[in-house]
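A.B. asks: one predicted model, sequence on top.
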Amino acid sequence: MIDLYYYTSPNVRKVLIALEELGLPYEIKWTDISAGEQFEPQYLTINPNGKVPAIVDHDGPGGRRLAVFESAAILLYLAEKTGKLLPSDPGHRWEAICWTVWQVANHGPMAGQAAHFVSHAPKHGIEDAYATGRYVGEVRRLYEVLDIRLRRDDYLAGEFSIADIACFPWARVAAGHGVDIEAEFPYVAAWMGRIGERASAKVRISDPREDKARKHDYTPEQFQTLFRPTPDAVNPVTGS
């Protein structure tokens, strides 16, 4: 059994899709990041960075319990565990790894910052034209990179892999970070349509907290917890 420490976010969605694709048994461990549960000492033993997602595999290597954090590391771990979602051909395999790393090093961070200044900060009276333009411009450039790659193949490594799983959940919410995929990036749009038809992409969590979290309507206190963590919130064990 795998425990998935979960809150509504594209990064967590990657892991959920992978678990569904692989048919691995898992249990959702709701982690309310708007309430600061990611900073609790017990959770920090699983993910010292105080973020979601994280997993605990109770049947890890040698039958031992293993905690894994960071979405790319989790995807690679699950692929290695099952021998699936990575191409067998070495060239395509490394292409899948490259695009997975590209997503977590470039696409995800830029999309997240764009979403912050486009969708979240304005609700709390924060407007910054320079930051908004900077991040929306960069994430648009990254979608162009993705679009060019997808002109050659239906999937990023020639076949469906963890690379597509890494990129898809962020692309699906591109409107929230100021990008119109359908209008601007037709190959990305077609790729999203292919993935969106997969059963794993349609899975929904049966929890009333999920619907509430999807609305992103945060109180000032929740906004502070999510986007302006205090030193104590970063590490409540040491206070630094």
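C.D. replies: Thanks, I have the structure now.
A.B. asks: identify the bridge partners of I2.
C.D. replies: When bridges are called by DSSP bridges, I2 pairs up with Y26, D57.
A.B. asks: if I look at the residue nearest to E144 when sequence neighbours are not counted, how far off is G176?
C.D. replies: What sits nearest to E144 in space, not counting adjacent residues and going by C-beta to C-beta, 6 or more residues apart in numbering, is F185, at 7.0 Å. Yep, even glycine has a C-beta here, placed from its N, CA and C like the rest. Here the criterion is C-beta to C-beta, to the nearest Å. By it, F185 lies 16 Å from G176.
A.B. asks: and for Y143?
C.D. replies: Y143 sits 14 Å away from G176, taking C-beta to C-beta as the criterion.
A.B. asks: before we move on, what about A131?
C.D. replies: Going from A131 to G176 by C-beta to C-beta gives 16 Å.
A.B. asks: which one of Y143 and G176 is surrounded by more residues?
C.D. replies: Neighbour count, other C-beta atoms under 10 Å: between Y143 and G176, Y143 has more, with 24 against 17.
A.B. asks: that one and W94, how far apart?
C.D. replies: Noted for Y143: a distance of 23 Å to W94, by C-beta to C-beta.
A.B. asks: where in the chain is pLDDT low?
C.D. replies: Across the chain, the ranges flagged by pLDDT under 70 are 211-218, 220-240.
A.B. asks: helices of that one, start to end?
C.D. replies: 10-22, 41-44, 71-82, 90-102, 108-115, 129-150, 162-172, 181-184, 186-196, 208-214, 220-227, 231-234 (DSSP state H).
A.B. asks: could you list the domains of the protein?
C.D. replies: 2-84+210-234, 90-200 (automatic domain parsing).
A.B. asks: skipping adjacent residues, who's closest to L19 in space?
C.D. replies: Spatially, and ignoring its direct neighbours in sequence, L19 is nearest to Y26 (4.8 Å; C-beta to C-beta, 6+ apart).
A.B. asks: isn't the one you found right next to I17, touching?
C.D. replies: No. Y26 is beyond contact range of I17, at 11.7 Å (criterion: C-beta atoms under 8 Å).
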